[in-house]
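K.L.:
Give me coordinates for this.
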Amino acid sequence: MRPQDIVVLCKLISFKDRPDWRQKDIANELNLSQSEVTESLERSRVAGLIDPSKRKLNKSVLLDFLVHGLPYVFPAEPGKVCRGIPTAHSAYPLNKKIVSEKDIYVWSCEEGDIRGQSINPLYPSVPYAAQKDPSLYALLALIDAIRVGRAREQKLAIQELKSRLKG
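P.N.:
Numbering: from 1, shown residues only. Below you'll find the predicted structure:
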């Protein structure tokens, strides 16, 4: 697995109302090449995160991987304070449940308007792709809460991810 594989899988989750998606759509919306998307879907198929047709998520396996594997495979450490786009519990939907003036996490981005500790996104194009797709943004922020959050933030993020995967 590579970090962009998680981003591609999140994009598939955000396509819940678009069963007619194409790999070209994913590539354009995530600023990836079509070959990167093809290879990513193949890695996810081999890992059992999507079915053999590469169109349907194995939701319970994916959730298990995100909750138990992601913090170890793709950990996040807060970095320097910079301007960026809020992530983890500093972004929707967790920012409605957790109010923290002290620990604000952002993806470093020139278009951002919040100052906080930087978190490296899973893939460099994440801040730009997230700005175009609110559903994708929420999923990636929840994943960052699992990667960097304390127990309470992780628990709330997991509950929200479960809800979004079921929906």
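K.L.:
so who does the most centrally placed residue in the chain touch?
P.N.:
Nearest to the mean C-alpha position of the chain, counting by C-alpha atoms, centre = their mean, stands residue 140 at 2.3 Å. Residue 140 makes contact with 7, 10, 87, 121-122, 126, 130, according to C-beta atoms under 8 Å, 6 or more residues apart in numbering. In short, each C-beta sits where N, CA and C put it, glycine included.
K.L.:
With residue 15 instead?
P.N.:
residue 21.
K.L.:
Any figure for the gap between it and residue 132?
P.N.:
13 Å (C-beta to C-beta, to the nearest Å).
K.L.:
Equivalent analysis for residue 91, please.
P.N.:
If you go by C-beta to C-beta, the gap between residue 91 and residue 132 works out to 15 Å.
K.L.:
ok, now residue 155?
P.N.:
Residue 155 is 29 Å from residue 132, by C-beta to C-beta.
K.L.:
quick one, what contacts residue 112?
P.N.:
With C-beta under 8 Å, 6+ apart, residue 112 has these contacts: 83-86, 106, 127.
K.L.:
ok so, going back, nearest to residue 102 among the contacts of residue 140?
P.N.:
Nearest to residue 102 among these, counting by C-beta to C-beta, is residue 87 at 15.8 Å.
K.L.:
What is the burial count for the closest one?
P.N.:
30 (other C-beta atoms under 10 Å).
K.L.:
pull the CA atoms of the helix or strand where residue 13 lies into CSV?
P.N.:
Using DSSP states H and E, residue 13 sits within helix 3-14. Output of helix 3-14 as CSV, limited to C-alpha atoms (Å, rounded to 0.1, in the frame of the first residue of the first chain):
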residue,chain,number,x,y,z
PRO,A,3,-0.4,6.7,0.9
GLN,A,4,-2.2,7.7,-2.3
ASP,A,5,-4.1,4.4,-2.2
ILE,A,6,-5.9,5.6,0.9
VAL,A,7,-6.8,8.9,-0.9
VAL,A,8,-8.1,6.9,-3.9
LEU,A,9,-10.2,4.7,-1.6
CYS,A,10,-11.6,7.8,0.1
LYS,A,11,-12.6,9.1,-3.3
LEU,A,12,-14.5,5.9,-4.0
ILE,A,13,-16.4,6.4,-0.7
SER,A,14,-17.2,9.9,-1.8
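K.L.:
Check what contacts it and list those residues.
P.N.:
Contact partners of helix 3-14, identified using C-beta under 8 Å, 6+ apart, comprise 21, 26, 29-30, 32, 36-37, 40-41, 43-44, 49-50, 57, 62, 66, 70, 74, 122-123, 125-126, 129, 133, 135-136, 139-140, 143, 164-165.
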